[in-house]
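> This is a predicted model, with the sequence first.
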Amino acid sequence: MPDFQADHDVINALAEDECWAFLAQHAFGRLAYTLVGEAQIVPINYVSDAGAIFFRTAEGSKLLGVTMNSDVAFEVDDLNGSGRFGDGEASSVIVRGRAEVLEGAEKARAEQLPLRPWVPTEKHTIVRITVNEITGRRFQLSKPWRHMQP
């Protein structure tokens, strides 16, 4: 039988404030939404501010999807370690919430956030994800050959 460490030694839940701090340190994540009954996931750059996630988009399937069904999920991961199979740490934060296209004064306020497209495309629509749930975990990684031996 493999000799695994107890889960509490290698997997740690992040407190809500740790999740928000993690999101503030990053700018790239994945948005999950449904479009015509099918799950979709796309990479986006974002800004977290005042308990919400903001991103820019253009017309297309992402905008159509969040307009037709505002229930979304958003994930940001980070891997720190010494190579593909090295010791290190991985962290993941998942947000569940409701997406809303901003207009008027709300859009004008959001325009002041440091949120610009990473590629030279026109993305004038700003979407806010109002967070209903935020969870995060941090994993202590180890070389698989240390714990996967028969």
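Cool, got the structure. Numbers count the residues shown, from 1 in each chain.
> Would you check how far apart Glu100 and Val119 are?
To Val119, Glu100 is 24 Å away according to Cβ to Cβ, to the nearest Å. C-beta: built from backbone N, CA, C; applies to glycine.
> which of these two has more neighbours?
It is Glu100, of Glu100 and Val119, that has more neighbours when counted by other Cβ atoms under 10 Å, with 16 against 6.
> State whether that one is indeed within a helix.
No. Looking at Glu100 with DSSP: H, G, I helix; E, B strand; the rest coil, it is strand, so not inside a helix.
> Am I right that it is in contact with Val131?
No. The pair Glu100 and Val131 does not pass the contact test of Cβ atoms under 8 Å, sitting 11.9 Å apart.
> need the contact list for Ser142.
Going by Cβ atoms under 8 Å, 6 or more residues apart in numbering, Ser142 touches Val10, Asp87.
> Ignore what I typed, I meant Asn132.
Residues in contact with Asn132 (Cβ under 8 Å, 6+ apart) are Arg96, Gly97, Arg98.
> What is the nearest of these to Ala52?
Relative to Ala52, the closest of these is Gly97; by Cβ to Cβ it sits at 7.9 Å.
> other SSEs contacting the helix or strand hosting that closest one?
Counting by DSSP states H and E, the element that carries Gly97 is strand 88-101. When contacts are defined as 3 or more Cβ pairs under 8 Å, 6 or more residues apart in numbering; DSSP states H and E, strand 88-101 packs onto helix 16-24, strand 52-57, helix 61-68, strand 71-81, strand 125-141.
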